[in-house]
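Chemist: pasting the sequence and the predicted model now:
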Amino acid sequence: MSLIRMNFFSEALNMYAPVNVILPLPRDAQDEVRDLPTLYLLHGMGDDHTSWLRKTAVERYALEAGLAVVMPDGALSCYENMAHGPRYRDYVADELPRVMRETFPLSGDREKNFIAGCSMGGFGALKLGFAEPEKWSAIGVFSAAHMEYRPDSLRVQAALRRVYGEDIDGCDARIVRDVERDNAAGPALRVWHAWGDEDRLRENARKSRAFFESLPDGNIRYFCEELPGRHDWALWDAMAKRFMDWLDLPKPEATLT
């Protein structure tokens, strides 16, 4: 297993961008590794690209799954092209996967690419996954607000205005449109949606569940769980493990380390 801490100049962001990458590698340096299945794992509001490594056992889970994990910094962007800030949607959805595949032996096969995140990152994974379902085969949505979420916190309201300007409602409408389109005509897409039974965003998550479950039979395979826990890293650590298990990837060779 290798942990790479990388900075590269992002054209989308117009600045140097940090990213952490977990790579499962063979013990024998002469063994070639190619076409690794890859999870793009997004952090939540107030965290950064180091949070998954510092606050969970994601490195161990990735080794057990034989899965590469890419953890970018999304600032307070909601993983959107901000009304008053950089183009994080273009960075995470387009530029980052291209640079990662040029640099590391990661798969470009849709069936081996997944996107997930917690809280704001789960919302980002939901948006990016359904906006371009041809890029991802599975989405992990951990404790994310979606339907009719309007925060009481003035700090969060200010952050959302920097992202969306005055068109906060437009984002929900766009997600609904993308989901309905993909269910009717997109490629088969799996969604794992989970939240805590004491999660402060549980009511929004339940509304999102009702929306997904109301869809007619189509291309979306939706699975949800309400787990014991609060809106915190103890819950998201458990979710990361459960999501990787749910992906049901082929077991890695014993030579991986």
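Modeler: Done, it's in.

Chemist: need the distance between the two termini of stretch 81-101.
Modeler: 22 Å (Cα to Cα, to the nearest Å).

Chemist: 719 is where my numbering starts, stick with that
Modeler: Taking 719 as the first residue, the last one we looked at is stretch 799-819.

Chemist: buried set for it?
Modeler: Buried residues in stretch 799-819, counted by 16 or more other Cβ atoms under 10 Å: 800, 804-815, 817-818. In short, each C-beta sits where N, CA and C put it, glycine included.

Chemist: next one: stretch 788-802
Modeler: Residues of stretch 788-802 classed as buried: V788, M789, P790, D791, G792, A793, L794, S795, C796, Y797, E798, M800 (neighbour count, 16+ other Cβ under 10 Å).

Chemist: was I right to think the last one contacts Y806?
Modeler: Read it as M800. Yes: with contact defined as Cβ atoms under 8 Å, M800 counts as touching Y806 (6.6 Å).

Chemist: reformat the buried residues of stretch 788-802 as TSV; add distance to Y940 and secondary structure.
Modeler: TSV is the format used below for these (distance: Cβ to Cβ, whole Å; DSSP: H, G, I helix; E, B strand; the rest coil):
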residue	distance to Y940	secondary structure
V788	25	strand
M789	25	strand
P790	26	strand
D791	29	coil
G792	24	coil
A793	29	coil
L794	29	coil
S795	26	coil
C796	22	coil
Y797	21	coil
E798	23	coil
M800	29	coil
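
Chemist: now R778: how far from K959?
Modeler: Applying Cβ to Cβ, to the nearest Å, the value for R778 to K959 is 9 Å.

Chemist: after the worst-scoring helix or strand of the chain on mean pLDDT, which helix or strand is next?
Modeler: Lowest mean confidence among the helices and strands of the chain (mean pLDDT, DSSP states H and E): helix 872-882, at a mean of 73. Remark: after helix 872-882, the chain's next helix or strand is helix 886-903, criterion DSSP states H and E.

Chemist: what average pLDDT does that next one get?
Modeler: Averaging the model's pLDDT scores along helix 886-903 yields 84.

Chemist: what do you get for stretch 803-823?
Modeler: In this model, stretch 803-823 has an average pLDDT of 96.

Chemist: distance between the ends of that stretch?
Modeler: By Cα to Cα, the extent of stretch 803-823 from end to end equals 32 Å.

Chemist: F860 versus G914, what's the distance?
Modeler: Counting by Cβ to Cβ, the gap from G914 to F860 is 9 Å.

Chemist: one more: L731?
Modeler: Distance, L731 to F860, by Cβ to Cβ: 24 Å.

Chemist: and these two? Which one has more around it.
Modeler: Taking neighbours as other Cβ atoms under 10 Å, L731 and F860 compare with F860 leading, 31 against 19.

Chemist: contacting residues for that one?
Modeler: Listed by Cβ atoms under 8 Å, 6 or more residues apart in numbering, the contact set of F860 reads 834-837, 839-840, 912-913, 953-954, 957-958, 961.

Chemist: what does A801 give?
Modeler: Per Cβ under 8 Å, 6+ apart, neighbours of A801: R879, R880, V881, Y882, G883, D885.

Chemist: now swap in D896 and tell me
Modeler: By Cβ under 8 Å, 6+ apart, the contact list for D896 reads K845, F848, A849.
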